[in-house]
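*Asks:* any chance you could fold what I've pasted below:
(chains A, B and C)
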Amino acid sequence: MPEGIEVEYYRIGALQALGRTISSVAAEDNYYLKGETSSEELYSFLVGDEFTAARRIGKLLLLDSKGGVTLGLRFGMTGRLLVDNVSSIDHLEYSSTRNESFWDRFSIEFEDGGLLTIRDPRRLGSVELNPKVDNLGSDIYQIDGRGLNVVLRGSSRPIKARLMDQKQIAGLGNLLTDEILWRSSIDPRRSADSLSKEEKRCLLYHIKSAINQLTELGGSHMGKLQDNRVISGFCPKDGAFLERYKVGGRTTYSCPKHQR
DNA sequence: CTCGACTCCTGTTAGC
DNA sequence: TGCTAACAGGAGTCGA
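*Replies:* Got it, this is the predicted structure:
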């Protein structure tokens, strides 16, 4: 599913949409519009305008316009961004393998005939004009030791829930977090403030290296753990059967042997 | 303030 | 064969 890495791919894809005059907006699915945003408002603000920049904070894609508005796009679990009918990602874990245009929830047409579209079977994504961004934590590509310390300090929540909290770190989803904790040999249920100095250093290293490595490999589903995130899957490191349980309401897999 | 529990969405799949 | 129920996870809300 789209986590920070996938949305970074979408951002790069969205660069193709910059500098092109918008001729039309299709936002018929009201459920897809969040906050105060309405279909009429999107139309009146965007038609005739053009995007000048594509930014990303965590899983939120931001398109700035020349006219001064910012369009925020969220992709939920199964949303893909198509620019001129091309997606930067062809496979999304847990999404359908089919690719149907009736799953298009939001679309922008340019004067040159091209399109920017969100195709999202499960409708968990959303579109919002001028979304609030000050409640998001450090982006996954920017996180450093100081930032991680702040995130972990004084929280008794499970470390996994804390890492996935977008107010703390923006961009980590369920698959990435399981992968990172597996690489770091840390049990996801440990309380966030229980990590030793050494464990925090190890965790920071694995956050950075997993993000960079999986970005190169093509997505958050390319981790070493992913193929074994199934019932009776086993640990690729030492062969033990993985445990499966919920943390913060999310399905979690971890190795009882080396994650402590 | 923190944090767990619950809810939403719908395509896919396990099981009867 | 056909049906149902469970499952997947991002994000928001609610109440303790």
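*Asks:* going forward, measure contacts between C-alpha atoms and count neighbours the same way
*Replies:* OK.
*Asks:* which residues of the stretch 101-250 of chain A lie near DNA strand B?
*Replies:* With C-alpha under 7 Å from any atom of the strand as the criterion, the stretch 101-250 of chain A meets DNA strand B at residues A:P121, A:R122, A:R123, A:L124, A:S155, A:S156, A:R157, A:P158, A:A161, A:G248, A:G249.
*Asks:* select only the buried ones of those in ChimeraX?
*Replies:* To isolate the buried subset of these in ChimeraX, counting by 16 or more other C-alpha atoms under 10 Å, use the following:
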select /A:121,123,157,158,161
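*Asks:* give me the subset of the residues of the stretch 101-250 of chain A next to DNA strand B touching DNA strand C.
*Replies:* Contacts with DNA strand C within those, counted by C-alpha under 7 Å from any atom of the strand: A:R122, A:L124, A:G249.
*Asks:* which SSE is A:F51 in?
*Replies:* Using DSSP states H and E, A:F51 falls within strand A:51-57.
*Asks:* please see if that strand touches DNA strand C.
*Replies:* No. Strand A:51-57 stays out of contact with DNA strand C when judged by C-alpha under 7 Å from any atom of the strand, the minimum separation being 9.7 Å.
*Asks:* and that strand, C-alpha only, in PDB?
*Replies:* The C-alpha trace of strand A:51-57 is given here as PDB (Å, rounded to 0.1, in the frame of the first residue of the first chain):
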ATOM      1  CA  PHE A  51       0.800  23.600 -10.700                       C
ATOM      2  CA  THR A  52       4.300  25.000 -10.000                       C
ATOM      3  CA  ALA A  53       5.700  22.500  -7.500                       C
ATOM      4  CA  ALA A  54       5.100  18.900  -6.300                       C
ATOM      5  CA  ARG A  55       6.000  18.400  -2.600                       C
ATOM      6  CA  ARG A  56       5.600  15.600  -0.200                       C
ATOM      7  CA  ILE A  57       5.300  15.300   3.500                       C
END
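*Asks:* next, the angle from the helix or strand following that strand to strand A:51-57.
*Replies:* Once the chain leaves strand A:51-57, the next helix or strand it forms, by DSSP H and E, is strand A:60-65. Orientation check (axes from the mean of the first three to the mean of the last three C-alpha atoms, to 10 degrees): strand A:60-65 against strand A:51-57 gives 160 degrees.
*Asks:* out of the ones next to DNA strand C among the residues of the stretch 101-250 of chain A next to DNA strand B, which sit inside strands?
*Replies:* Judged by DSSP state E, strands contain none of these.
*Asks:* so which of those residues sits lowest on pLDDT?
*Replies:* Sorting those by pLDDT puts A:G249 at the bottom of the list (87).
*Asks:* and it, how far from A:K160?
*Replies:* Distance from A:G249 to A:K160, counting by C-alpha to C-alpha, to the nearest Å: 11 Å.
*Asks:* longest helix in chain A, please.
*Replies:* When chain A is parsed with DSSP state H, its longest helix is helix A:197-217.
*Asks:* need the residues that contact that helix.
*Replies:* If you take C-alpha atoms under 8 Å, 6 or more residues apart in numbering as the criterion, helix A:197-217 is touched by A:5, A:140-141, A:143-145, A:148-149, A:176, A:179-181, A:183-184, A:186, A:220-223.
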